[in-house]
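> compute the structure for the input listed below.
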Amino acid sequence: MNAKALLSKYIRNSERVFGEIRQLEGPKVPNRDRIAEVVEYAKRYLSDAKYYGEKQQYETGLVSVAYCEGMLDALRLLGLVTFTWPETKSKT
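Here you go, the predicted structure:
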């Protein structure tokens, strides 16, 4: 898969996650405003990825969307938000 196709795929996946992401409740959840702030940073990285895609700078777009996904994964792994990434089909 080339960089353009990968960028398009990762942007779609991230947009889907932003449609379903939810902050978790409970005593272990720190300042909810800080979590929302990190989510907003991730959205900015997604916006950057789209911008670079439009400029045909696909590799730079991939870096931006990777930052977006990393921030979202970190929040999920810390148990602060919930969402699922779309299933990927492996080629065998």
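
> going forward, measure contacts and count neighbours with C-alpha atoms only.
Noted.

> from memory residue 13 sits against residue 83, does it?
No - checked against C-alpha atoms under 8 Å, the pair residue 13 and residue 83 is beyond contact range at 11.4 Å.

> which neighbours do those two share?
Any residue near both residue 13 and residue 83 by C-alpha atoms under 8 Å, 6 or more residues apart in numbering counts here, and not one turns up.

> need the contact list for the residue sitting nearest the centre point of the chain.
Residue closest to the average C-alpha location in the chain (C-alpha atoms, centre = their mean): residue 69, at 3.3 Å. Contacts here follow C-alpha under 8 Å, 6+ apart; on that basis residue 69 touches 14, 42.

> can you do 7 Å?
residue 14 (C-alpha atoms under 7 Å, 6 or more residues apart in numbering).

> so it sits in a strand?
No - secondary structure of residue 69 (DSSP: H, G, I helix; E, B strand; the rest coil): helix, not part of a strand.

> quick check: the gap between it and residue 11.
Taken as C-alpha to C-alpha, to the nearest Å, the spacing of residue 69 relative to residue 11 amounts to 10 Å.

> quick one: low-confidence parts of the chain?
Along the chain, segments meeting pLDDT under 70 span 27-29, 88-92.

> which positions in the lengthiest helix in the chain come out as buried?
In the chain, ranked by residue count with DSSP state H as the criterion, the top helix is helix 32-54. Buried residues in helix 32-54, defined by neighbour count with 16 or more other C-alpha atoms under 10 Å: 35, 38-39, 41-53.
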